[in-house]
Each structure stands twice: as C-alpha cells, then as structure tokens.
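>>> the following block contains a protein sequence and its predicted model.
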Amino acid sequence: MSTLARWTIATLAALIAVVALMAPAAARVDCGNGKYCPPGNACLKGDLCGEIVEAPPGSVRTQSGTWCEPGFREHRYKPGACVPIAYSDCRDGTICPEGRRCNDATNSCDGGSAPTGPMCGNFRCEEGRICSSAGRCMNTTYFQDCGGGAICSKNKACAQDGGCAIVGIGRTQQVPLAIDNKQQNILRQ
C-alpha cells in the first residue's frame with residue numbers, strides 16, 4: 001500500500017473518531033451549570049436529569065387534547081383545565097376545595113369553617129396548606145413549591161431553570177462537561 005493510501009486511511013480514521021466523539025456533545029442538553037443531560041432529557045434541580053415525556057404516566061387526555069395528570073380530572077366548565085379530583089367546579093372556571101361549594105352569585109366558595117392555616121399575604125390559608133414562594137396558598141397534597149414562584153404538580157419535576165418539567169419517573173445524575181484526557185488527545189492530533 002502506498003504512503004498516500006496509508007495517509008488517507010489514517011486521516012479518515014482520525015476524522016471518524018473526532019466526529020464520533022463530538023456527535024454526543026452536540027446532541028447533549030447543556031444544563032448551564034457546567035453539566036449536561038443526555039438527549040431527550042430535561043435538567044432538573046438537584047443536578048438530576050429526567051427523560052422528557054408527553055404526559056406523566058397515568059395521565060388522561062382532555063377534550064382539547066391536553067393531559068390531566070393522575071389525581072386530576074378535566075374541569076366541567078373550562079375544557080382543557082385540570083383540577084384535583086375532590087374539588088368542585090364553578091361555572092366561572094374557578095374551583096372550590098373539598099368540603100366547600102361554589103357560590104355562583106358571589107364567585108366564591110361557601111361552606112366549611114374559617115381558614116385556620118398560615119397567613120399568606122392578605123389571606124389566611126386553609127388548614128394543611130402552606131404559603132408558597134409565589135405568595136399563594138398551596139395544597140401540598142397535589143403541588144410542590146419549586147422556589148422562585150414556580151409551583152408544579154407532584155407528577156412533574158422542578159426544572160433547573162425554575163419551571164416545571166414533564167418527565168418520566170427515572171432520574172440520572174447530570175454529567176460534568178469536562179472533556180476527558182483521551183478525547184482531548186484525539187482532538188489535538
């Protein structure tokens with residue numbers, strides 16, 4: 001085999017190796033903290049990754065094509081909106097917690113005793129609720145406070161960027177962006 005042929009084969013092999021090593025880097029999800037997640041994953045709080053899914057497992061499709069997560073159902077008067085199963089639907093699109101009923105004349109909830117939970121701004125929360133980082137009362141049975149005003153259902157995950165992520169139940173650790181020595185040596189050649 002001639003020198004030119006050997007040089008061509010060696011160059012092609014090196015090029016293939018570089019492309020093979022760089023392809024995963026292009027496809028990965030940069031979490032913005034010096035780490036990344038595999039393709040198709042979301043960066044979550046706690047340096048975790050979660051596989052992005054259309055809807056949490058066990059969700060039910062609504063009339064408008066969106067999804068209601070487990071523990072929620074579609075609002076009777078507001079198609080596409082999801083409400084906790086035990087809550088009452090009000091004609092104006094709001095909801096009343098279990099033990100209370102809608103008052104269409106005043107657009108409020110009637111029944112039950114006066115709230116005895118913590119103060120949250122100018123309002124007192126129902127017993128068992130907390131004042132969230134959004135400054136609203138939150139039912140921790142259904143929701144989690146992800147900080148910075150982001151409230152996510154328990155079926156979603158707190159995204160690293162402060163929002164909510166619809167991911168499957170599995171979690172993996174985020175991977176540091178640092179390139180290992182073997183990859184650095186190949187790139188230098």
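Done, it's in. Residues are numbered from 1 along each chain as shown.
>>> helices of the chain, start to end?
Assigned by DSSP state H, the chain shows helices spanning 3-27, 181-188.
>>> for the residue nearest to the spatial centre of the chain, give its distance to residue 73.
The C-alpha lying nearest the average C-alpha coordinate of the chain belongs to residue 165 (C-alpha atoms, centre = their mean; 1.2 Å). Computed with C-beta to C-beta, to the nearest Å, the distance linking residue 165 and residue 73 is 22 Å. Backbone N, C-alpha and C define where each C-beta goes, glycine included.
>>> got it, and residue 63?
Per C-beta to C-beta, residue 63 is found 12 Å from residue 73.
>>> more crowded one of those two?
residue 73 (16 against 8; other C-beta atoms under 10 Å).
>>> in space, what's closest to the more buried one - neighbours in sequence excluded?
Closest residue to residue 73 apart from its sequence neighbours, by C-beta to C-beta, 6 or more residues apart in numbering: residue 85 at 5.3 Å.
>>> wait, what's in contact with the one you found?
Shown in contact with residue 85 (C-beta atoms under 8 Å, 6 or more residues apart in numbering): 71, 72, 73.
>>> where does pLDDT dip in this structure?
Low-confidence segments of the chain, defined by pLDDT under 70: 1-26, 179-189.
>>> so the residue nearest to the centre of the chain sits against residue 153, correct?
No - the criterion here is C-beta atoms under 8 Å, and residue 165 misses it with residue 153 at 11.2 Å.
>>> ok, and the closest non-adjacent residue to residue 93?
residue 78 (4.2 Å).
>>> what about the residue nearest to residue 60 when sequence neighbours are not counted, distance to residue 161?
Leaving out its chain neighbours, the residue that sits closest to residue 60 by C-beta to C-beta, 6+ apart is residue 68, at 5.1 Å. Applying C-beta to C-beta, the value for residue 68 to residue 161 is 24 Å.
>>> and what of residue 28?
Going from residue 28 to residue 161 by C-beta to C-beta gives 16 Å.
>>> with residue 169 instead?
The value you get for residue 169 to residue 161, if C-beta to C-beta is used, is 21 Å.
>>> do residue 83 as well
27 Å.
>>> who has more neighbours, the two?
Between residue 83 and residue 161, residue 83 has the larger neighbour count (other C-beta under 10 Å), namely 21 against 14.
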